[in-house]
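Participant: sequence and predicted structure are below.
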Amino acid sequence: EPTGYVLHDRMENLELVEDSIAVKIGDRTLSKDTDYSVSTTNEDGCTFEITFNAFANLKTNDVVKVTYSAKVAASAIIGGEGNLNKTYLKYGDKTSNKSGTKTFVWKFDIFKYTMTGEQKTQLADAEFILYKQVASATKYAQFDNTGKLKGWDDSKGNATVLKSKADAKTVVSGLGSGT
């Protein structure tokens, strides 16, 4: 039975949600600390590494699927070239091709105003929240004091109340594509 497989993952400006890691072979879910271990302190600069202890009953053409979630870090690049995530597999002295993806986050300006004829007048102190639909659930945005997204919550009462300004647009950032 093959051993010595290590999956390396390096994230830039993203923070691993460690308890989100799941590993499957086909429909079978592997067990952390029994079938694999996770290290988040690595000398090679990887954000995390998954060391597979063994691949019991692994057959040719079996698919090993690793899934996980990450949060956008405060250091994230807004727009531009995105935030890089590279992954590769190492087995003994062999290394797979290093593949990468980019996570893009965005910002936008919110301009609240009233209309008098054709004249737009910026509206001060209008309070509002942002939300999104995920399947049938509504998620409410939470922002830090700079307008950067901290996360999403199931409760409307935990949403950050944003307030428009009389002399500037309200800016929010850190939103994922499709938000």
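Facilitator: That came through, no problem.
Participant: switch to C-alpha atoms for all contacts and neighbour counts from now on
Facilitator: OK.
Participant: and the gap between the residue located most distally from the centre of the chain and Ile110?
Facilitator: Distance from the C-alpha centroid of the chain, by C-alpha atoms, centre = their mean, peaks at Gly117 (43.7 Å). Applying C-alpha to C-alpha, to the nearest Å, the value for Gly117 to Ile110 is 21 Å.
Participant: how about Gln122?
Facilitator: 11 Å.
Participant: cool, and Gly92?
Facilitator: 53 Å.
Participant: who's more crowded, these two?
Facilitator: Comparing Gly92 with Ile110 by other C-alpha atoms under 10 Å, the one with more neighbours is Ile110, at 14 against 9.
Participant: wait, doesn't the more buried one sit right on Lys169?
Facilitator: Yes. Applying C-alpha atoms under 8 Å, one finds Ile110 in contact with Lys169, separated by 5.6 Å.
Participant: run a quick neighbour tally on Asp109.
Facilitator: 11.
Participant: tell me who's in contact with it.
Facilitator: 169-172 (C-alpha atoms under 8 Å, 6 or more residues apart in numbering).
Participant: which one of those is nearest to Lys86?
Facilitator: Distances from Lys86 to the contacts of Asp109, taken as C-alpha to C-alpha, are shortest for Val172 (27.5 Å).
Participant: for Lys71, helix, strand, or coil?
Facilitator: For Lys71, the assignment made with DSSP: H, G, I helix; E, B strand; the rest coil gives strand.
Participant: can you tell me the closest non-neighbouring residue to it?
Facilitator: Glu15 (5.0 Å; C-alpha to C-alpha, 6 or more residues apart in numbering).
Participant: which residues does the one you found contact?
Facilitator: Counted by C-alpha under 8 Å, 6+ apart, Glu15 has contacts 70-73.
Participant: distance-wise, check it relative to Val72.
Facilitator: 6 Å.
Participant: cool, and Ala126?
Facilitator: In terms of C-alpha to C-alpha, Ala126 sits 28 Å off from Val72.
Participant: cool, Asp167 as well?
Facilitator: Distance from Asp167 to Val72, by C-alpha to C-alpha: 29 Å.
Participant: so these two - more neighbours on which side?
Facilitator: Legend: neighbour count by other C-alpha under 10 Å for Asp167 and Val72, higher for Val72 (23 against 9).
Participant: okay, and the beta partners of that one?
Facilitator: Leu14 (DSSP bridges).
Participant: isn't it right up against Glu12?
Facilitator: No. Using C-alpha under 8 Å, Val72 is not in contact with Glu12, being 9.4 Å away.
Participant: ok, and the closest non-adjacent residue to Gly92?
Facilitator: Of all residues not flanking Gly92 in the chain, Gly4 sits nearest, at 6.1 Å (C-alpha to C-alpha, 6+ apart).
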